[in-house]
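> Pasting a predicted model and its sequence here:
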There are 2 protein chains.
Amino acid sequence: MTREPRGKRQHYTVDVVALTPRDNQLAVLLEQRSEGREKSVRWVLPWSASRNGEGLDDLAQHAIRRSVGAASVWNTQVGAFSEGPHPGGSDLSIVYVALVPMGEATVQGDEFQWFLLSELPPLTERQNQMLQESVNAVRDRLDLYPVAFRLLPATFTLSELQHMYELLLGRRLHKASFRRALTAAALVEPTDEWRSEGRGRPAQLFRYGPRKRRRARRGVRFDLLG
Amino acid sequence: MTREPRGKRQHYTVDVVALTPRDNQLAVLLEQRSEGREKSVRWVLPWSASRNGEGLDDLAQHAIRRSVGAASVWNTQVGAFSEGPHPGGSDLSIVYVALVPMGEATVQGDEFQWFLLSELPPLTERQNQMLQESVNAVRDRLDLYPVAFRLLPATFTLSELQHMYELLLGRRLHKASFRRALTAAALVEPTDEWRSEGRGRPAQLFRYGPRKRRRARRGVRFDLLG
DNA sequence: TGACATTAGTCACAATATGTGACTAATATG
DNA sequence: CATATTAGTCACATATTGTGACTAATGTCA
């Protein structure tokens, strides 16, 4: 027999980790909310409470639109987190990470503000965990999904693209290797525009435009950490 | 101000996709539940309803223990799913995938039964989606987490290990390459036992025993599908 | 018993992929 | 015009991976 759950019904929120590049690192969008009884003010990840009949993706869209405005921002689910308290009293946070392109990081009001990951205000344990896992999720998907392109403007130079990869991977890449791999993958196409950025030779602008190709099938890769 | 959500409070379940190898493919554990008013009987993924003060990992443990018994079964979160109806009336399913080693796939009662993935009874759209994503999650983590070892007994031959990888990847691997990569990764250690399986030369038994090593850092890999 | 089938395990070489420094090109600065 | 600076390419060394062929140790069966 199907039974109702015994205890009090629990509820959940959809929490959004919006990331954008800024000052050669990542920044996350936080919202200032005053807490009920304490009258204190604190920064929290933007969230939407669950409502009847609304799917997770819709709730995430709401939270994103409310905070960063742009509806075209790319996002994906990171997972569910239940440990520690949530500012909205939710038992469960479903986390979505949203990538906002460089230069489009405008904000929907005074209560929102971008914080560099190196200069975060104090957050609850749960929020720190969600933030950490969101950054990990982006990094882990780097080779399978075009996440780097979602953080760049529609057109970009190959040096900018490389710097974005370096930022996300946290290490330097060799220029020639990077471009060779990029060419082999047929992921970008050149535009006929060039950008002259101060001194140095002007760089050609590219756009993301993957051409159909079958995924490489190599042998197994044992890349586990002991 | 922190507000309570407006609509009716929603509740969630933790649903478990337990997988085990069987007949050279994967099998999933389903539970027979009779639905309230319809008096009909159908197979569903085992689940636990949310209760006060219990974290997701605990709920998953309950569902696993209730269905497959063994507490040592390895499991990990896959994600949250809200689309379509759930047999328990939950608005939201948090899915955990659990890997049950070959040969330990005993079951906790008549209402539970293993089904080969190729011979599934009809499931709801949500359940099909959760199952699909769970299998994908296992496959995607193959190179980063020792999931194949969690589906094998404590000791195994290298041929068995290779067959498990082939099963999970859905393609054949070359014996010499496989073993070379395995040696380089220092993931298994030999026991002093050998198994003679009918004809052919006896095979040495190994156990999973990763030695500490730093993760490989190569250049970028663009492995996206167009 | 001995030829043969069958599975385990290893090797060497070919084919690819990657790491790297040095090179040329095109601009701004002074 | 010399120099600094960034873009873009090349060639070669090194590392990794694909592959077939080989040896080893068993069971089967004439």
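Arrived safely, thanks for sending.
> quick check: mean pLDDT across whichever strand or helix holds A:A148?
Element membership for A:A148, per DSSP states H and E: helix A:147-150. Taken as a whole, helix A:147-150 carries a mean pLDDT of 96.
> Which strands or helices does the next helix or strand after it pack on?
Where DSSP H and E defines the elements, the next helix or strand beyond helix A:147-150 is strand A:155-157. Counting by 3 or more C-beta pairs under 8 Å, 6 or more residues apart in numbering or on different chains; DSSP states H and E, the packing neighbours recorded for strand A:155-157 are strand A:188-195, strand A:203-208. For every residue, glycine as well, the C-beta is placed using N, CA and C.
> Go again with 10 Å.
helix A:158-169, strand A:188-195, strand A:203-208 (3 or more C-beta pairs under 10 Å, 6 or more residues apart in numbering or on different chains; DSSP states H and E).
> want to try CSV for those, with mean neighbour count and distance to B:D223 as columns?
Compiled in CSV, the helices and strands packed on strand A:155-157 are given as follows (neighbours: other C-beta atoms under 10 Å in any protein chain shown; distance: least, C-beta to C-beta, whole Å):
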stretch, mean neighbour count, distance to B:D223
helix A:158-169, 18, 14
strand A:188-195, 13, 15
strand A:203-208, 17, 15
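> So which of those is nearest B:S196?
helix A:158-169 (48.0 Å; C-beta to C-beta).
> In terms of helix, strand or coil, where does A:W43 fall?
In three-state terms, and counting by DSSP: H, G, I helix; E, B strand; the rest coil, A:W43 is strand.
> Who are the contact partners of it?
Residues in contact with A:W43 (C-beta atoms under 10 Å, 6 or more residues apart in numbering or on different chains) are A:28-33, A:87, A:111-113, A:115, A:120-123, A:127.
> same thing but 7 Å
Shown in contact with A:W43 (C-beta atoms under 7 Å, 6 or more residues apart in numbering or on different chains): A:30-32, A:121.
> What's opposite it in the beta bridge?
Beta-bridge pairing of A:W43 under DSSP bridges involves A:Q32.
> neighbouring contacts of the longest helix along chain A?
In chain A, assigned by DSSP state H, the helix with the most residues is helix A:125-140. Under the criterion C-beta under 7 Å, 6+ apart, residues A:15, A:17, A:19, A:26, A:28, A:44-45, A:78-79, A:81, A:83-86, A:93, A:95, A:97, A:147, A:168-169 lie in contact with helix A:125-140.
> Same question for stretch A:74-94.
By C-beta under 7 Å, 6+ apart, stretch A:74-94 touches A:10-15, A:33, A:35, A:44, A:47, A:49, A:56, A:60, A:64, A:95-99, A:124-126, A:129-130, A:133-134, A:137, A:150, B:2, B:12, B:50, B:55-56, B:77, B:79-80, B:94.
> give the contact list for A:L56.
Contacts of A:L56 were listed using C-beta under 7 Å, 6+ apart, and they are A:14, A:77, A:94, B:80, B:82.
> How about A:L142?
A:L142 touches A:148, A:168-169, counting by C-beta under 7 Å, 6+ apart.
> at 6 Å what do you get?
Counting by C-beta atoms under 6 Å, 6 or more residues apart in numbering or on different chains, A:L142 touches A:L168.
> distance of the closest residue to A:A185 other than its chain neighbours from DNA strand C?
Distances taken as C-beta to C-beta, 6 or more residues apart in numbering or on different chains place B:F222 nearest to A:A185, at 3.5 Å, with adjacent residues excluded. Computed as C-beta to the nearest atom of the strand, to the nearest Å, the B:F222 to DNA strand C distance reads 9 Å.
> Run through the contacts of stretch A:74-94 and flag the ones next to DNA strand D.
Among those, not one lies near DNA strand D by C-beta under 7 Å from any atom of the strand.
> just the buried members of those residues?
Buried subset of the contacts of stretch A:74-94 (neighbour count, 16 or more other C-beta atoms under 10 Å in any protein chain shown): A:10-15, A:33, A:44, A:47, A:49, A:56, A:60, A:64, A:95-99, A:124, A:126, A:129-130, A:133-134, A:137, A:150, B:12, B:50, B:56, B:77, B:79-80, B:94.
> What's the local residue count around A:A63?
24 (other C-beta atoms under 10 Å in any protein chain shown).
> after the helix or strand hosting it comes which helix or strand?
Using DSSP H and E, A:A63 falls within helix A:56-68. Following helix A:56-68 in sequence order, the next helix or strand is strand A:74-81 (DSSP H and E).
> Quick one: mean pLDDT for that following strand?
Mean pLDDT, computed over strand A:74-81, is 97.
> any idea whether the residue of chain A found nearest DNA strand D is helix, strand or coil?
Closest approach between chain A and DNA strand D, counting by C-beta to the nearest atom of the strand: A:G200, at 2.4 Å. Recorded secondary structure, A:G200: coil (three-state DSSP).
> residue ranges with poor pLDDT in chain A?
Along chain A, the model assigns pLDDT under 70 to residues A:1-10, A:35-39, A:71, A:225-226.
> Please report how far A:T157 lies from A:R195.
From A:T157 across to A:R195, the span is 6 Å (C-beta to C-beta, to the nearest Å).
> hey, what's in contact with both of the two?
Common neighbours of A:T157 and A:R195, counting by C-beta under 6 Å, 6+ apart, are A:A203.
> Can you give me the domain boundaries for chain A?
A:12-140, A:152-208 (automatic domain parsing).
> Of all the ones you listed, which one comes closest to B:M164?
Across the domains of chain A, closest to B:M164 is domain A:12-140 (C-beta to C-beta), at 23.1 Å.
> from the chain's centre, how far out does the closest one sit?
9 Å (C-alpha atoms, centre = their mean, to the nearest Å).
> Which residues of chain A lie near DNA strand D?
Residues of chain A lying close to DNA strand D (C-beta under 7 Å from any atom of the strand) are A:157-159, A:175-176, A:179, A:197-204, A:218-219, A:221.
> now those residues: which count as buried?
A:157-158, A:179, A:203.
> Quick check: A:P46 touching A:A63?
Yes: the pair A:P46 / A:A63 is scored as a contact, 5.1 Å apart, by C-beta atoms under 6 Å.
> anything in contact with each of the two?
Applying C-beta under 6 Å, 6+ apart, one finds that A:P46 and A:A63 are jointly contacted by A:V16.
> Can you pull out the residues in contact with the helix holding A:A148?
A:74, A:99, A:138, A:141, A:164-165, A:208.
> same thing but 7 Å
A:74, A:99, A:101, A:138, A:141-142, A:161, A:164-165, A:168, A:208.
> Distance to B:V107 added to those residues, as a markdown table?
Formatted as a markdown table, the contacts of helix A:147-150 follow (distance: C-beta to C-beta, whole Å):
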| residue | distance to B:V107 |
| --- | --- |
| A:W74 | 42 |
| A:L99 | 44 |
| A:P101 | 51 |
| A:V138 | 39 |
| A:R141 | 36 |
| A:L142 | 40 |
| A:L161 | 52 |
| A:M164 | 50 |
| A:Y165 | 48 |
| A:L168 | 44 |
| A:Y208 | 49 |
